[in-house]
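Colleague: sequence? don't have it. structure:
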């Protein structure tokens with residue numbers, strides 16, 4: 001199973017929309033270099049499918065890649081259907097899914113800016129096992145399913 005990276009997004013602060021910077025560098029055990037969410041937690045990288053963003057567009061929202069604070073916007077893989085432990089390869093980089101969705105205790109700035117948020121339901125999070133460069137147009141491959 002494979003898809004495509006259609007946006008590589010970063011932000012300077014947490015809780016805000018991210019900007020598509022086109023390319024970046026994944027750091028093992030940290031996340032996307034230069035992104036506010038990079039760190040040692042189990043949610044080093046966030047991914048959201050363009051198909052999920054399109055659902056919000058169909059509901060009348062003017063949103064696009066990065067608007068839900070995801071690092072990678074993808075196309076062609078049902079991310080939310082992949083179990084925790086699944087490994088994903090982007091070039092030389094290797095990610096492992098660590099969480100599906102998230103609990104939002106309060107409505108964040110993303111919710112108020114976009115009018116809704118699909119990340120709690122359809123976003124996935126991963127840790128970086130092997131680092132490397134990543135860019136728009138790269139292939140995202142499911143390489144293992146550890147469940």
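Modeller: Nice, I can see it. Just so it is clear, the structure is predicted and the values come from calculations on it, not from any experiment.
Colleague: and the residue nearest the centre of the chain?
Modeller: Nearest residue to the geometric centre of the chain (C-alpha atoms, centre = their mean): residue 47, 1.6 Å.
Colleague: run the chain-centre distance for the host helix or strand of that residue.
Modeller: Element membership for residue 47 (DSSP states H and E) is strand 45-49. Chain-centre distance of strand 45-49: 1 Å, with C-alpha atoms, centre = their mean, to the nearest Å.
Colleague: right, and residue 4 touches residue 138 too?
Modeller: Yes. Residue 4 is within contact range of residue 138, at 7.2 Å (criterion: C-beta atoms under 8 Å). C-beta: built from backbone N, CA, C; applies to glycine.
Colleague: higher neighbour count, these two?
Modeller: Set residue 4 next to residue 138 and count neighbours by other C-beta atoms under 10 Å: residue 138 wins out with 21 against 15.
Colleague: returning to that earlier point: which strand residues bridge the residue nearest to the residue nearest to the centre of the chain when sequence neighbours are not counted?
Modeller: Among residues not flanking residue 47 along the chain, residue 72 sits closest, at 4.7 Å (C-beta to C-beta, 6 or more residues apart in numbering). Counting by DSSP bridges, residue 72 forms beta bridges with residue 8, residue 47.
Colleague: show me the contacts for residue 72.
Modeller: Contacts for residue 72 were tallied using C-beta atoms under 8 Å, 6 or more residues apart in numbering; they are 5, 7, 8, 9, 45, 46, 47, 48, 90, 134, 140.
Colleague: which parts of this protein are strands?
Modeller: Assigned by DSSP state E, the strands in the chain fall at 2-10, 19-20, 23-27, 31-32, 45-49, 72-75, 87-90, 93-100, 124-130, 132-135, 139-144.
Colleague: and residue 66, which of those strands is closest to it?
Modeller: strand 2-10 (3.8 Å; C-beta to C-beta).
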